[in-house]
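J.: whatever this is, show me its structure:
(3 chains)
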Amino acid sequence: MKTKFLKRALCTTLACATVAGLGVGLTACQPSDSETVRIVVGVQQTTGNNYNSMCNLLDALKDELNFEYTTTLVDRNADAALSTYQNQLLGGAQGIITMVDVDAATTRKIIEDCEANNAYYAGYMTDFANTFANTDSAQAENVEYILNSDAMLGAVTDGDIVRDGGTRGEFLFDAVVKTDARVVTLCRAPLYAYPVAATAIDRFKELVEEYNAANEDDFTIVESVGAADDGALEVGFSMQNVPDATVQDWKAKGVEAVIAVNSLGKKILTNVQTSAPEIGIYQIGWDDNIISAFPQYIKTLCQTPAETIIYPLIRVLNAVRGNSYADEPADVEDTLISGQYIYITSEEELEKARTSCMNFAEGNPVSASLISVEEIKSLLAGEEGASFKKLVDTISSWTSENVLK
Amino acid sequence: MSNENSQNKKFDLKELPGKAMHKIKTFNWKEWAKDNIFTLVAMGGFVLLLIVFSFLPQVMRGPNVTFWRAAVLQRYIEQVTVYLILALGACFVYLMGSMDISVGYQVAVFATIFIAIVNAIGTAGAIPLALIVIVVLGLVCAVFNAFVGAYVKLPTVMSSVILMQLFSGLTTYLYGDSGYSARAIVVSLNILNETWVRVIVLVALIAIAYYLTNYTVVGKRAKAIGSNKLAAQQAGADLLKTRVLCYGIFALFLCVASVFAIARKDSFGEADSVSYQMDIMIMLLMGGMPLSGGYKGRVLNTVVGTLTYVVLNLGLSLCGVSAEYVFFVRALIFVIIVCLTCRKPGLLLPR
Amino acid sequence: MNKNNLASTAKKLGKQTSATLTLPVLVYLILLMISGIGGHGVLNIFTGQALSSILTDAAYMTIVALGIGFQLKFGRFDFCGGALIVVSATIGGVVADAVSGGIVVLMLVSIITGIVLSVINASVYSWLKIPISVVSLAMAYLFEAIPGIVLGGDAGPDIMFMEEYKSLGLFPLILVPFAIACIIYFCYDKFTVVGRQSTLLARNQGAAVNIGINEKANTIVCYVISGLLFGLAGAVYATQNTLVVITTPLQTAGTLFSNIIPSLVGLFLSRFIDDTLGTFVGAFTISMLYFCLEAMGVLSGMRTIYYAVFLAIFIFVSGFWDQIIAFFKGIIGKINNKTMRKAPQS
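T.: Okay, the predicted model is just below:
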């Protein structure tokens, strides 16, 4: 009798707990009106000033532009990313804006699911152009499919890649040549993930050669132990930082500056601070956790304004509503555009950025946005004077020179 | 009169042909339920989730978002396939009271080798060869696992720790160190993505696993080893041979799962399978499978656990639950199911 | 008598010293050989910087391994360790950063978090009588979800970049949590009543309960200690690693299995030396292995493969140790017999 009662009680508890557990977290879910466009933004992290700025801007826009959005965590696990996006499409998502660039085969599968669900796919801070250009031959058919699909709306890159990394190399060279540091070593992320790094390294080396030919105080590029064929140390995706042994090696070789053509400051910083504080770290990218080390250890910072989200957002809203520009590009390749880095090399520049761009401002308020809600609305297809060129020019205008003046 | 006589005549057991003089008993539902209480609780949980997800997405996201749609069920079967195949194979290992934490990395390496062989030859004719190669590799790993588990006086998981490190290193070498984030296959395996193919394969594999665990010597010995290794050994079970067979069966299922994992998008990525080992463990426990193995372990536990795990993910996403809460709700339900199904009443704490 | 005592003490010391040094020396010699063959020159690990780097990694690995080994020693395989480390690191980091409390607050909060979560784990285990491997899996899954809910998807601040915290993860300050962990682990079953009761329970659970040992209370105390150890490891973890949001179930189990080997080395060497020292020897050997492989420029995938080979060799040697010793004793015996037969009779 007691056992029976206990079992019944346990089964009831299971039922109640399941329902209660499902109830947890559903409070944020609201049934929405059928005209509202549902968008999913796939992000790698749900913290940081870039994420906060993006969310603040989207929150300010959603009522005005009649859309709702959710963010979902996606990482390098392509299989899990596919499942996540599939589930979101089944849940009624009409547009996917992804910050995570998966391989061509997975992208094709996502696009096929979008086509089946009358949904659309766009990239934000992703470099589809370089990824598709550098895939192996087995992926060629997948790339062709993606570039011919109506569901693929294009992407805006993180930084001013312009399908090559030359600008990065130039920026880093300009930053280091102003100083006395002449013994440098090169670092980069894996090429399969960041093909742009190869161009950045080549451009830096070109500039070094030109400088050495014209000046007496030559640059010397020192190779780290375990450097790749291009002479740069490849720093991987693991949570491990550049090991102390490597920093010791740099110190022993008299390295004065580390040139990292990707966002690697975080991985290099700790052991440099401890073992070789005289070495300056010149890197691309931004991380909230290393700002305190600027400009003493970290010499360069850069960040793409989060306002760039308006590009994939407007592309998705136009497509879902069936609106298009008069100068709508026929090829998907023409919709893969470049973002713009805001480059910071001094505290003065950082202070200017804090007042002129959401990413850098305290609390990331919409009031610090580079573009107003009305201006964004005027970029939608169907609005007076709106065009694809105007949209792209707006994004392109957010250069360091314009933002930091 | 003669009809009444024939109806009233009692059935004489001695009239049964053959050696077997079976006692015919009426099926006792209460006893069966008592023996299978944990499986029933797990099944009850799954059914409850299906009922809840039948109406909750519509309430939360609007009338168009329903669970019982062809598209949703197709995706569900797609997402369940690889997990269920792996779980069915892992069932044999877990029945012995062992566990394998190298599953994810083994799938990654086998899938990569399969793709490399097919791409090197470039035609569909390479598929059987590629399959044979990965099956042989899987059997080598099975022998290694079995040998270490049988003769080394350490927890049986240690053999899989070695394989985990080895295959993890190989995965990093084949992908990151070689400059690939994913490897695509030149010969499409799209036929395997058809829902009817998946369903047929899954049903067939479930039937095979069920038959092997319940009607063959290897299944019975696996359960015996899980229940009491010493007693099984003394009753004549060859520990090494049984382990080799169980790990070998697991390896075969693993190879099939690798092929389906590739087929999903005709490519395989470095990070695609790293979480499989823990997912499998959670699924088996969610289905009521005891981690110590033994006679209480059933193929049904495996199936129910896998289906529950995937339906939770899918259903909560349909309801628009954010990722953090999906994780939390899954964890909570897992804890509840474990608390209900894994209790060992007694004076002493189980170890 | 004194001479005999001295001789036996010297023999014992010699045995212990050789047991302590054999594994790291053997591994170092093999690495030297590989380095020489590969043309990488002589691997010098005896510089100040190299030793401090190796000792830093070894210290952290030892703390984690002691936490795992603590439960293994008493017959429990606990999957919760990794989750405890990460969650206590996250909460410790958040609180310490919020109150600007420095290393002391970081360590205290991490330890308290580790203990609380560990006691919850133990309570569920002893109240519901669920096998520890199962309940620890379930609780690890639940604990991993906590930062996501409490911090709204935030992984917590990266305190490893803050001057006031990162020194805890570096030599020589890392030796403080290392020493605390070693002392607690060493003293628990040798100098405390509850520790001896735990040993009795591990050896013969039924008999120990029958003589009146309160198994549940003892289990809770064990988990308080292991929670303390994992909390210490969490504090160090926060100062050495960037914290990430856990998105995959039981992602932290990887931390557990990566650091289990030193505790197994400790358990194996416990037949010669104290298992605390044995654990440190294991951790030191693995840290040295990784350091040397990195110094040789070996790719990360190949490093893991080398480690797997080391693991396989160690597990086979430790698993068949008695047979290996018997084999060599047999050979030595045969040689002695032959020598005795050949000796001329006076």
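J.: pLDDT on the strand or helix carrying B:Asn214, on average?
T.: Per DSSP states H and E: B:Asn214 is located in helix B:195-215. Averaging pLDDT along helix B:195-215 gives 96.
J.: hmm, the following helix or strand past it in reach of chain C?
T.: Using DSSP H and E, the helix or strand that follows helix B:195-215 in sequence is helix B:217-227. No - for a cut-off given as CB under 8 Å from any CB of the partner chain, helix B:217-227 has no contacts with chain C; the smallest distance is 12.6 Å. Backbone N, C-alpha and C define where each C-beta goes, glycine included.
J.: list the buried residues for helix B:217-227?
T.: B:Val218, B:Gly219, B:Lys220, B:Arg221, B:Ala222, B:Lys223, B:Ala224, B:Ile225, B:Gly226, B:Ser227 (16 or more other CB atoms under 10 Å in any protein chain shown).
J.: that helix packs against which elements?
T.: helix B:70-95, helix B:195-215, helix B:229-234, helix B:239-265 (3 or more CB pairs under 8 Å, 6 or more residues apart in numbering or on different chains; DSSP states H and E).
J.: quick one: the first one near chain C?
T.: Spelled out, that is helix B:70-95. No - Helix B:70-95 lies out of reach of chain C by CB under 8 Å from any CB, never closer than 11.5 Å.
J.: report the angle between that helix and helix B:217-227.
T.: 70 degrees (axes from the mean of the first three to the mean of the last three CA atoms, to 10 degrees).
J.: for helix B:70-95, name the packing helices and strands.
T.: When contacts are defined as 3+ CB pairs under 8 Å, 6+ apart, helix B:70-95 packs onto helix A:78-90, helix B:103-121, helix B:195-215, helix B:217-227, helix B:239-265, helix B:276-286, helix B:299-318.
J.: hang on, the earlier thing: could you dump the buried residues of helix B:217-227 to CSV with distance to B:Met158?
T.: Shown next, in CSV, are those (distance: CB to CB, whole Å):
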residue, distance to B:Met158
B:Val218, 23
B:Gly219, 25
B:Lys220, 26
B:Arg221, 22
B:Ala222, 19
B:Lys223, 23
B:Ala224, 22
B:Ile225, 17
B:Gly226, 18
B:Ser227, 22
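J.: tell me the one of those nearest A:Ile268?
T.: Closest to A:Ile268 out of those is B:Gly226 (50.1 Å), distances taken as CB to CB.
J.: how many residues are close by the nearest residue to the closest one once chain neighbours are set aside?
T.: Spatial nearest neighbour of B:Gly226, chain neighbours left out: B:Gly293 (2.5 Å); criterion: CB to CB, 6 or more residues apart in numbering or on different chains. When neighbours are defined as other CB atoms under 10 Å in any protein chain shown, B:Gly293 has 24 of them.
J.: how about the secondary structure of B:Gly293?
T.: Following DSSP: H, G, I helix; E, B strand; the rest coil, the label given to B:Gly293 is coil.
J.: same question for the one 4 residues further on.
T.: In three-state terms, and counting by three-state DSSP, B:Gly297 is coil.
J.: who's in contact with it?
T.: By CB atoms under 8 Å, 6 or more residues apart in numbering or on different chains, B:Gly297 lies in contact with B:Cys91, B:Tyr94, B:Leu95, B:Lys223, B:Gly226, B:Met289, B:Pro290.
J.: pick out the lowest-pLDDT one from those.
T.: B:Pro290 (83).
J.: burial of that one, as a residue count?
T.: 23.
J.: with C:Arg341 instead?
T.: For C:Arg341, the number of neighbouring residues by other CB under 10 Å comes to 7.
J.: per-residue confidence for it?
T.: On the pLDDT scale, C:Arg341 gets 73.
J.: quickly find the element holding it.
T.: helix C:321-342.
J.: who touches that helix?
T.: Outside helix C:321-342, the residues touching it (CB under 8 Å, 6+ apart) are C:Phe268, C:Val317.
J.: how about B:Val157: what's its closest non-neighbour residue?
T.: Using CB to CB, 6+ apart and skipping the chain neighbours, the partner closest in space to B:Val157 is B:Met99 (5.3 Å).
J.: you'd agree that neighbour is in a helix?
T.: No - counting by three-state DSSP, one finds B:Met99 to be coil, located in no helix.
J.: how much space between it and B:Asn301?
T.: Using CB to CB, to the nearest Å, B:Met99 is found at 15 Å from B:Asn301.
J.: got it, and A:Glu170?
T.: Separation of A:Glu170 from B:Asn301 (CB to CB) stands at 61 Å.
J.: of those two, who's got more company?
T.: Set side by side, A:Glu170 and B:Asn301 show more neighbours around B:Asn301, with 28 against 15, by other CB under 10 Å.
J.: just for the stretch 51-200 of chain C, where's the confidence low?
T.: For the stretch 51-200 of chain C, the stretches flagged by pLDDT under 70 are C:152-156.
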